[in-house]
Structures are given as C-alpha cells and as structure tokens.
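# no FASTA, just this:
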Ligand SMILES: Cc1ncc(COP(=O)(O)O)c(C=O)c1O
C-alpha cells in the first residue's frame, strides 16, 4: 500500500515494479527504451498488458482509465465488440492476400460516404504516409515545389513536415535532407494576412497543409473563420489546400473538421480512427488530383504525371475489417457527440480542481480533446476562463514544463488514470463515472505534487 509518506517518485517506483523490470530490458534494446517519443516517461514508462472499453491494465495488475485512446485511433474505446468480431472473423480468412480484396471496396465506399470532400481514395499504412502522398500529389498537380505549413502543426515525421512542429519553430531539424527547410515555408498559425503575403511573394508553393482544428489537435487552436479564409486564399492563388484530418477525421464530427466547419479542402489525409485501432491511412479528395495515381500508357503521363505508389500493407484486410465496422458505427454521429460531451465535463471538472488549488494552470481544448497548460501569465478569475485563442501561440508547447508534466502523469498513473504528458482524448466508451474518478485523481495528483514541493 502506497502511503502519503512516500514522495510521488518513490511511490511510482515501488507501485510499478514489473514495468521497471521491463524498462530495464527495453533500455538495452531501444533508444531510450521506447518505440515512440511520446511514450517516454521519467523514470520509466508503464507497460500495459490488456485493455477494454475505457480501461487498461498494466503488468502489475493495476487498472487505469485511459485517455491515450490509442494515440487517438480508438474513438469507440478498446476492444469494441463489433470491431473485434469483424477483426477476428477476418483473421480466420487471412491477413494479407497480396491482391485486391473485397473489404477495401466497402472501406473506401464508407470514406467517400462520410468525408464531404472525398471523391476518390488511396489507402496507405499510416498518417505520415498519407500527408507525404497528399504533398507529392500537390506538387505534380501544380508543378510547384514548396509546402506552406503552420508553426506548431504536426503532420507526421517525413522531411517536409517536421520543420516547425515544436518551439523554437524556425530551428533546423537534424537529419532532414539539406535544403528541406527551404522547401517548407513556415507561417504563424491563424494569420490569414501572413498566408496571403507568403503566397503573393512566393510563386513556388504547391500546397498549404493544416491541422484544421489547430496544431497538436487544438493545442494551438484554429477556428472556422481562418479555415474559410484559407480556402479562399488557396483557391485564388492556385494552391492545393490539404486538411490533415489524421486526428480530427471521424472524431470532431463523422465527416471530420471539414464537415463541422463546412469548408472543403482539395485533399484530405486520414488515419487513426479510419482503421479502427489497427495500422492504416488514406488520402482522399478531388478526383482530378487523385487520378495522378493512375497508370496510363502515354509517355508524357508516365514521365510527368503518374505518382508512383506502392506499400506492402496498403488496404490491409485486417485493418479494413476494423475500419469498416468502426466507420459504420461512427457514421451515426453518436460516438463523436458522446466523446465531445464527456470532454466538456472533464475539462470543467479539472479546471475546478485547479481553482481549488489556486494554481495558474488550466485545462483547455475543444471537441474530445483536453490539454494541460501547466503555467500561464493570464489574470483569470477561474481556470475555465482561459481563452487559448487570445494567448500567444509561442507560449504553448513550452518545453520548460516537461518535467512537471511527467510528474503530473506519474501522479495520475498512481491514482488510476493514464493521460499523456500533454492531456488526452475522451472516447465514446468513457462514462460519467470515469470523468468523476479522473477529476478526483487529478486533485490527488496535484495535492501530492504540492506536498513534494513540485508546484
Ligand atoms: C495530425 C496528424 N497528422 C499526422 C500524424 C501521423 O500519423 P501516423 O502516426 O499514423 O504516421 C499524426 C499522428 O499523431 C497526427 O496527429
């Protein structure tokens, strides 16, 4: 039994002994012992063994309410019965046919039915591949080279989109091909005049790519007015507008941010919920751009137009099985509505806790997201009054708060909740009871942090 006499760090070490042992092994195998940068946690991460609904259990048998939600891939929660039945049914038929297969058709039909701007689809294996494809298609279509992207926005980890994700935004990114930085033109978020100026001064821009609810799923939020302005400016300048809906697609509304804000991009990158918790991605959009993937015999097409595209796991039948069942359920709008509604309650409850502790923190976000800001310089009557649209975007994603965020995450884990270091996402599997327990856990974690002198 962990008591209040332990420091939180000591309590964490003794409460998760099996995770600690696994991490020692993992450290000899993986850089930093992890397989994804965000899964790194000091002094060691938690190792999860199984999950169901809104819960997951670690290798020490501890239960957690989960807000990682499969990095956003699980709007229906873990192991939804219908999704699991579809996946296990497919597993008995085969995992890879090296051939066209029936499920890819139903999967694409659902995408075209649900996503407003979708005319044709190409499946990929991940969101990174989807943004890579959308950008390359844009270059072929326009005959131009560069990408305009917004500071703080994340689109995966290929060369053209890694610049400007985290502060300092203009810093070069190690390992990208020399010159990559000059091919990506960074723009401050939510500044339509800056976009207009860049497009006026530089006639070599093929596309504008944006996370349509803002960088880091609204860590730096973006509103519908900006998207509408962007649509106009892109059309006026003959630039392709790409919505990266890898996280917002099927989440903020069934048809993603484009449905919610009623703004249609030329191309959309999808992944995560698309494949129902299994690996998968897609690009969809205007027919005449998507057709650049077609194989045609004329020489000009082959040498100047055709976008080469392969990928061993494109439209994998098991991912398709999970994706089809998930999209059929998501289509009703009910899972999005429920997850969004629970997140409102969660943000409100957590902000109440922050007020009761008198901290200059807040939990903000929109739709099913919640984001921690562990320190701000606003004079607010209540944490819930924080308006991220009025805040200097350069102060979000502050690296100075990383160890505090790790401490908070440890505190939450010790109290039966797994959020990311930055916040998390609700799902349709969460309940009001989960929200109440999470708010209590947040309260206890902060009390412990205060006692340890961390806040
Ligand atoms: C908005 C956005 N774009 C692209 C990606 C990259 O997707 P993947 O991790 O499937 O490569 C992510 C992943 O978190 C994302 O959130």
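Arrived safely. Note that the structure is predicted; figures quoted are calculated from it, not measured. Numbering: from 1, shown residues only.
# contacting residues for residue 280?
Residues in contact with residue 280 (C-beta atoms under 8 Å, 6 or more residues apart in numbering) are 123-126, 271, 274, 313, 315-316, 319-320, 323. C-beta here means a position set from N, CA and C on the backbone, and glycine is covered the same way.
# if I read this right, residue 410 contacts residue 41, doesn't it?
Yes - counting by C-beta atoms under 8 Å, residue 41 is a contact partner of residue 410 at 7.3 Å.
# Between these two, which is the more surrounded one?
For residue 410 versus residue 41, neighbours defined as other C-beta atoms under 10 Å are more numerous around residue 410 (25 against 20).
# And for the more buried one, nearest residue in space, chain neighbours not counted?
Closest residue to residue 410 apart from its sequence neighbours, by C-beta to C-beta, 6 or more residues apart in numbering: residue 12 at 4.6 Å.
# Please, where are all the helices along the stretch 101-250 of the chain?
Per DSSP state H, counting those that start in this stretch, the stretch 101-250 of the chain carries helices over the ranges 102-114, 127-142, 180-183, 192-201, 215-218, 224-237.
# rewinding a little: so what's the residue nearest to residue 410 up against?
Residue 12 neighbours (C-beta under 8 Å, 6+ apart): 43, 410, 413-414.
# In PyMOL, how would I select just the buried ones from those?
Entered in PyMOL, the line below selects the buried ones among these, by 16 or more other C-beta atoms under 10 Å:
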select buried, resi 410+413+414
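# which one of the contacts of residue 12 sits closest to the ligand?
The ligand has its nearest neighbour among the contacts of residue 12 in residue 413, at 21.5 Å by C-beta to the nearest ligand atom.
# pretty sure the closest one is in a strand, no?
No - Residue 413 is assigned helix when assessed by DSSP: H, G, I helix; E, B strand; the rest coil, not a strand.
# so it makes contact with residue 66?
No - the criterion here is C-beta under 8 Å, and residue 413 misses it with residue 66 at 10.9 Å.
# re earlier: the ligand: which of the helices of the stretch 101-250 of the chain is closest?
The closest of the helices of the stretch 101-250 of the chain to the ligand is helix 127-142. By C-beta to the nearest ligand atom, the value is 2.3 Å.
# Do me a favour and average the pLDDT over the closest one.
What helix 127-142 shows for mean pLDDT is 98.
# Which strands or helices does that helix pack on?
With contacts defined as 3 or more C-beta pairs under 8 Å, 6 or more residues apart in numbering; DSSP states H and E, helix 127-142 has these neighbours: strand 120-124, strand 205-210, strand 240-244, strand 267-271, strand 281-285, helix 287-290.
# Packing partners of the fifth one?
In terms of contacts (3+ C-beta pairs under 8 Å, 6+ apart), strand 281-285 is packed against helix 102-114, strand 120-124, helix 127-142, strand 267-271.
# 7 Å instead?
strand 120-124, helix 127-142, strand 267-271 (3 or more C-beta pairs under 7 Å, 6 or more residues apart in numbering; DSSP states H and E).
# The last one packs against which elements?
Under the contact criterion of 3+ C-beta pairs under 7 Å, 6+ apart, the helices and strands touching strand 267-271 comprise helix 127-142, strand 240-244, strand 281-285.
# and the gap between residue 357 and residue 372?
For residue 357, the distance to residue 372 equals 14 Å [C-beta to C-beta, to the nearest Å].
# Neighbour count for these two, which is higher?
residue 372 (25 against 15).
# Tell me the residues on the stretch 101-250 of the chain that lie near the ligand, please.
Taking C-beta under 6 Å from any ligand atom, the part of the stretch 101-250 of the chain that reaches the ligand is made up of 126-128, 131, 154-156, 211, 244, 246-247.
# what residue ranges in this protein score low on pLDDT?
The model of the chain has pLDDT under 70 over residues 1-5.
# contact partners of the longest helix along the chain?
For the chain, the helix with the greatest residue count under DSSP state H is helix 334-357. Residues outside helix 334-357 that contact it (C-beta atoms under 7 Å, 6 or more residues apart in numbering) are 75-76, 251-254, 329-330, 361-365, 367-370, 382-384, 426-428, 430, 435, 438-439, 442-443, 446, 450.
# Show me which residues of it are buried.
Burial within helix 334-357, assessed by neighbour count using 16+ other C-beta under 10 Å, is assigned to 335-336, 338-340, 342-347, 349-355.
# Any residues of the stretch 251-400 of the chain in contact with the ligand? List them.
So the stretch 251-400 of the chain meets the ligand at 271, 281 (C-beta under 6 Å from any ligand atom).
# thought residue 389 was touching residue 221?
Yes - taking C-beta atoms under 7 Å as the definition, residue 389 is a contact partner of residue 221 at 6.1 Å.
# Comparing the two, which residue is more hemmed in?
Set residue 389 next to residue 221 and count neighbours by other C-beta under 10 Å: residue 221 wins out with 25 against 12.
# Just give me the neighbour total for the nearest residue to the more buried one once chain neighbours are set aside.
Excluding the flanking residues, the one nearest residue 221 by C-beta to C-beta, 6+ apart is residue 214, at 3.9 Å. Per other C-beta under 10 Å, the neighbour tally for residue 214 reads 28.
# Please apply the same query to residue 42.
By other C-beta under 10 Å, 14 other residues sit near residue 42.
# what about the closest residue in space to it that isn't next to it in sequence, which helix or strand?
Nearest non-adjacent residue to residue 42, counting by C-beta to C-beta, 6+ apart: residue 406, 4.8 Å away. For residue 406, the host element (DSSP states H and E) is helix 402-414.
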